[in-house]
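# Pasted the sequence and its predicted model underneath.
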Amino acid sequence: MKLRFVRVPLELILFFVITCCQTNQVFASKCIPMQKDFVCSELPYLGYNHTVLPNQFGHQTLLEVQSALSEFEPFIDTKCSPAFKGFLCVLYTPVCTVLELPIPPCRAFCQNALTTECLELYKSFTNNEIPEFMQCDRYPESGLCIQQNITSDGENKDAKATPLRNSIPEQKTGSSNFIPKHLSMCTWLPFMIIIFIIIFSIIIIIIIIIIIIIIIITIIIIIIIITIIFIIIIIIIIIIIIIIIIIIF
């Protein structure tokens with residue numbers, strides 16, 4: 001029972017560490033520039049030209065991203081929404097920042113991009129349900145997110161879209177590695193686990209030593225009590241013998 005009690009927490013801690021490091025590894029990615037011929041580089045109104053790969057879909061290169069985005073070309077060509085292409089680019093080519101996680105689009109941006117017409121076209125073309133990343137309820141209404149206000153004055157709607165919020169710090173151009181300013185959890189967590197194991201081991205050793213000392217003291221006390229009892233018995237026997245001798249003589 002004791003072994004199981006010790007083993008379960010260690011397994012949970014190990015699982016947490018592995019999960020944390022795997023999550024951290026996904027987003028501790030490379031900050032790379034988007035080439036001029038890349039599909040999302042045609043959207044300067046987004047406010048950035050560097051992205052982070054791999055993205056949340058697991059794409060490792062811009063070529064893979066371009067291939068994935070090409071599947072949406074039929075919907076983009078229908079112009080069901082002027083924000084649809086930009087919305088996809090924000091998801092597939094997230095802005096390179098000093099943060100660990102990608103900045104999501106704001107809910108209004110998603111709703112502008114995924115109009116009823118676009119969603120119906122998606123269902124009719126693919127015969128599939130709407131994927132999770134196209135469900136606008138999962139994105140924040142405000143805060144740290146990318147917003148885009150689409151106007152309704154005819155041509156060049158995209159160019160009037162609101163760019164990336166100024167509060168989001170972008171990684172400096174030329175930096176090849178996406179390195180967050182704060183210390184990553186996977187950097188200090190293993191040391192914390194080691195310290196915890198050392199402290200836990202020391203506590204266990206101290207408890208064992210205390211138990212051994214208590215056992216030794218108990219044994220000594222028992223021996224002393226037995227010795228005293230034995231001496232008392234001897235004395236009583238001697239006294240009885242002396243009394244008998246006196247009575248006889």
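Arrived safely, thanks for sending. Just so you know, these numbers come straight off a predicted model, no measurement behind them.

# ok, Gln66 - how many residues close by?
Using other C-beta atoms under 10 Å, Gln66 has 17 other residues around it. The way it works is simple: take the backbone N, C-alpha and C, and place the C-beta from them, glycine included.

# got the buried residues for the host helix or strand of it?
Gln66 is located in helix 62-70, with elements delineated by DSSP states H and E. For helix 62-70, burial by neighbour count (16 or more other C-beta atoms under 10 Å) applies to 62, 64-66, 69.

# other SSEs contacting that helix?
strand 50-53, helix 84-92 (3 or more C-beta pairs under 8 Å, 6 or more residues apart in numbering; DSSP states H and E).

# Which parts of the very next helix or strand once past it count as buried, going by neighbours?
Heading C-terminal from helix 62-70, the first helix or strand you meet, by DSSP H and E, is helix 73-77. By 16+ other C-beta under 10 Å, the buried positions in helix 73-77 come out as 75-76.

# Pretty sure Ile203 sits in a strand.
No: applying DSSP: H, G, I helix; E, B strand; the rest coil, one finds Ile203 to be helix, outside a strand.

# what's the spacing between it and Gly86?
56 Å (C-beta to C-beta, to the nearest Å).

# Which pLDDT value goes with Ser81?
We have a pLDDT of 87 for Ser81.

# swap that for Ile228, please
94.

# which helices and strands sit right next to the host helix or strand of it?
Using DSSP H and E, the element containing Ile228 is helix 185-248. If contacts are counted by 3+ C-beta pairs under 8 Å, 6+ apart, helix 185-248 sits against helix 2-27.

# helices and strands around the helix or strand following the helix it packs on, which ones?
Per DSSP H and E, the first helix or strand lying C-terminal to helix 2-27 is strand 30-33. Under the contact criterion of 3+ C-beta pairs under 8 Å, 6+ apart, strand 30-33 touches strand 50-53.

# now the strand it packs on: mean pLDDT?
86.

# Please save the CA atoms from it in PDB.
Output in PDB follows, covering the C-alpha atoms of strand 50-53 (Å, rounded to 0.1, in the frame of the first residue of the first chain):
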ATOM      1  CA  HIS A  50       7.000  36.800 -39.900                       C
ATOM      2  CA  THR A  51       5.300  33.700 -38.700                       C
ATOM      3  CA  VAL A  52       5.900  30.800 -36.300                       C
ATOM      4  CA  LEU A  53       6.200  27.200 -37.400                       C
END
